[in-house]
Each structure stands twice: as C-alpha cells, then as structure tokens.
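Enquirer: 3D model of this:
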Amino acid sequence: FVDRTGKWVIEPQFDKARAFSDGLAPVANGKNWGYINEKGEMVIEPKYRDAEVFSDGLAPVKDKDWGFIDTSGKVVIPMDYDITAGLAFLSGKNEKGFIDGLARVKTKKGWGFLDKNGKLLGDTWFENAEPFEAVK
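Expert: The predicted model follows:
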C-alpha cells in the first residue's frame with residue numbers, strides 16, 4: 001500500500017490485497033483472507049476463502065458460500081449465499097456488497113435482495129437480479 005506520493009505506507013507482505021474501506025482492507029497470504037487496519041495490523045484473522053471490501057459497514061466473505069461480516073469480524077448474515085455469478089464493477093461500487101442498503105444474493109431458489117439485517121426483500125426469488133442504483 002502506498003500513499004499519494006508513492007511512498008510505502010504498508011510494506012509488501014501479502015500475496016493479494018484489495019482496497020481499504022471503513023478503515024480495513026482484505027488481504028491474503030496463501031489461500032486465506034483476513035483484514036488489516038491502516039497500520040498494517042491483522043485485525044480480522046485470515047480464515048476466509050475469499051473476502052471483499054466493506055460497504056455500508058458490512059463485507060462479503062466466503063467460506064463454502066458467501067455471508068457478511070461487520071468491521072469487528074462478527075458474522076451478521078450467515079454464509080448461505082452465492083453472490084459471484086455475473087458480477088462486474090460499475091460506478092466504482094462493489095456489487096458483491098451492499099448498495100443503498102441492499103445486497104444481491106443467490107440461493108438454490110434463485111436471486112433476491114437482503115437488507116443489512118439479513119432479511120429478504122419480499123418473498124420472491126428471481127431467475128436473475130441485476131445490480132441497481134437507488135433513484136432519489
């Protein structure tokens with residue numbers, strides 16, 4: 001990790017790293033992902049098969065399936081979902097996470113949207129659900 005002048009802020013020590021968000025960045029050594037703070041200290045132990053950046057205070061993490069943790073590392077939405085199929089980055093937002101308070105998830109039933117409490121928006125599962133942006 002470097003600052004705007006190109007000076008090392010956190011020396012290279014990880015096999016993979018993603019951007020900071022909410023003061024934390026997902027990093028991996030080998031196959032396991034965890035999170036470091038802006039001092040480079042490991043604050044959420046590397047135990048996930050994959051991990052994404054935080055959005056709206058939650059981050060998608062993968063064990064067998066995907067779930068969401070808060071910035072303390074507590075699992076707040078169980079790892080029961082697939083959120084990877086057909087995703088891309090749009091408008092600088094991480095579409096594996098929350099956008100305007102909702103996350104797009106997939107189960108065997110189909111696609112749906114969860115709020116930050118893990119509650120399904122409505123009771124319908126869709127064959128496909130595209131990312132969205134709230135209109136105000």
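Enquirer: How far off centre is stretch 14-33?
Expert: Remark: stretch 14-33 is offset 11 Å from the chain centroid, using CA atoms, centre = their mean, to the nearest Å.
Enquirer: got the contact list for it?
Expert: Contacting residues not belonging to stretch 14-33 are listed as 1, 13, 34-38, 42-44, 46-55, 57, 59, 61, 71, 94 [CB atoms under 8 Å, 6 or more residues apart in numbering]. The way it works is simple: take the backbone N, C-alpha and C, and place the C-beta from them, glycine included.
Enquirer: So Asp82 sits against Gly110, correct?
Expert: No - using CB atoms under 8 Å, Asp82 makes no contact with Gly110, being 10.6 Å away.
Enquirer: Any regions of the protein where pLDDT drops low?
Expert: For the chain, the stretches with pLDDT under 70 are 83-97, 99, 124-136.
Enquirer: What are the boundaries of the strands in it?
Expert: For the chain, applying DSSP state E gives strands covering 16-17, 24-29, 32-37, 42-48, 50-51, 58-62, 66-70, 75-81, 98-99, 102-107, 110-115.
Enquirer: With respect to Asp123, which of those strands lies nearest?
Expert: Set against Asp123 and scored by CB to CB, those come closest in strand 110-115, at 8.9 Å.
Enquirer: Return the set of buried residues in the closest one.
Expert: Residues of strand 110-115 classed as buried by neighbour count (16 or more other CB atoms under 10 Å): 111-114.
Enquirer: how far does that strand sit from the chain's center?
Expert: 15 Å.
Enquirer: Perfect, that will be all.
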